[in-house]
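Asks: Here is the input, now give the coordinates:
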Amino acid sequence: MKVTFPHMGYAYIAIEALLSGLGHEPITPPPGTRNTLELGTRYSPEEACLPFKTILGNMLEGIELGADGVLMLGGWGPCRLGYYGEIQRIILLDLGKQVEFVTLEVPEGGLPKALGLARRILGPTDVKELWLGCRLAWAKMNAIDELENLALKVRPREKDHGATSRLLAREFQRLRGAATIKDIRAIHQETGQGLLDLVDRRKPPTGMRIGVLGEIYTVVEPFVNLRLEERLGYLGVEVVRTISLPKWVEEHIFQNAFGFYTRRELLRSAAGYLSGFIGGHGLESIARSVDLAQGSVDGIIHIFPLACMPEVVAQGILPQISQDKDVPILSLVVDEHAGEAGFQTRLEAFVDLLQRRVRVCQ
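Replies: Here you go, the predicted structure:
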């Protein structure tokens, strides 16, 4: 089966390896553009959020490239993500797109349902190829995560504007073609050294650090968040990530599948502000903001799509955390009408505010 899937930053590199190991041919849609968003918006319910529309656009572009299958992540709880896959399947069907639609989620319904999902996902592959594909996918996902975190430290001090992003884009294409764990490790090491070589030693670090949190897709996908991490890096800010895709996969898929996942740590951090799970990453946004405020960040940016219920709840709580912990928090809401000029202006104003606070404290 030729399978397409939504973009989530550079995670497509790991997803390609996984699908190949499962015996399928991955059909990667092009990176998100205005055309992707316009295509998804045209066929989406008006009240649907930005991730829904962008992901639907990804699916339609992938199908145009020849995909006859779609892989989508599912969800559970109050967040509407759990409905996305079914609604998108119906939309594609109404558009005459005859594709196999598979929603990847922790199945509720016991062993028979789990085996049924496994049969739909597994293609014509043997155990050896499956094991290799899974190992390659996991190794690539971890390498991407570690290198992107290193890039967040390098970008504010790079010698040439944009050099960090250009290096990552080039080396990640090498990583995409890596066929062995040894090759992945070599590329990981070479890219890490290459990033460190981009640092201008004559440029003193600003010391400005901003934590970023919010709805996972909006935080991870650069097209949707208007390249937030890059923009902050070019303003001399080191971004502190609170969402790691490898950790998310480990906790929400593997640990959750076997009943090992617990929110105890999150609830402990959020105590006094939020006492339960509200769907999506709402609880995480509150807990991580408290953790960041007690750490060494100068400010926090909370970014989420318009009408995202869990993050709207979190947005209402964050001002109290900001006041209690004495840390500025900026909430950014994005939808298909978000303009880059206004977005940039808000970031520059927020960074300027933090810089003035730092000077006063000194």
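Asks: and the gap between the most centrally placed residue in the chain and R166?
Replies: Geometric centre of the chain, nearest residue: V220, 2.4 Å, by C-alpha atoms, centre = their mean. From V220 across to R166, the span is 20 Å (C-beta to C-beta, to the nearest Å). Just so you know, the C-beta spots here come from the backbone N, C-alpha and C atoms, and that holds for glycine as well.
Asks: quick one: low-confidence parts of this structure?
Replies: Applying pLDDT under 70 to the chain flags residues 75-78, 105-124, 257-258, 361-362.
Asks: how is it carved up into domains?
Replies: 2-125, 128-205, 206-362 (automatic domain parsing).
Asks: and the longest one, how far from the chain's centre?
Replies: In this case it means domain 206-362. Distance, stretch centre to chain centre, for domain 206-362: 12 Å (C-alpha atoms, centre = their mean, to the nearest Å).
Asks: now do the second one
Replies: Remark: domain 128-205 is offset 17 Å from the chain centroid, using C-alpha atoms, centre = their mean.
Asks: and if you look at the first one?
Replies: For domain 2-125, the distance from its own C-alpha centre to the chain's C-alpha centre is 15 Å (C-alpha atoms, centre = their mean).
Asks: and the closest residue to L318 other than its chain neighbours, bridged to which residues?
Replies: Of all residues not flanking L318 in the chain, I329 sits nearest, at 5.0 Å (C-beta to C-beta, 6 or more residues apart in numbering). Beta-bridge pairing for I329 (DSSP bridges): I300.
Asks: Is I329 in contact with D298, as I believe?
Replies: No - judged on C-beta atoms under 8 Å, I329 makes no contact with D298 at a distance of 11.3 Å.
Asks: Could you point out the longest helix of this structure?
Replies: helix 127-154 (DSSP state H).
Asks: and that one, what does it pack onto?
Replies: helix 12-21, helix 163-177, helix 181-197, helix 228-234, strand 238-241, helix 245-249 (3 or more C-beta pairs under 8 Å, 6 or more residues apart in numbering; DSSP states H and E).
Asks: Serialize the ones you listed to JSON lines and add fields for distance to R209.
Replies: Output for those, formatted as JSON lines (distance: least, C-beta to C-beta, whole Å):
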{"stretch": "helix 12-21", "distance to R209": "28"}
{"stretch": "helix 163-177", "distance to R209": "17"}
{"stretch": "helix 181-197", "distance to R209": "18"}
{"stretch": "helix 228-234", "distance to R209": "10"}
{"stretch": "strand 238-241", "distance to R209": "5"}
{"stretch": "helix 245-249", "distance to R209": "20"}
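Asks: Between those, which one is closest to K140.
Replies: helix 12-21 (4.5 Å; C-beta to C-beta).
Asks: how about that closest one as CSV, C-alpha atoms only?
Replies: Only the C-alpha atoms of helix 12-21 are listed here, as CSV (Å, rounded to 0.1, in the frame of the first residue of the first chain):
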residue,chain,number,x,y,z
TYR,A,12,8.3,12.5,8.4
ILE,A,13,11.8,11.1,8.1
ALA,A,14,11.1,8.6,10.9
ILE,A,15,7.6,7.9,9.7
GLU,A,16,9.0,7.0,6.2
ALA,A,17,11.4,4.4,7.8
LEU,A,18,8.5,3.0,9.9
LEU,A,19,6.2,2.6,7.0
SER,A,20,8.9,0.9,4.9
GLY,A,21,9.5,-1.5,7.7
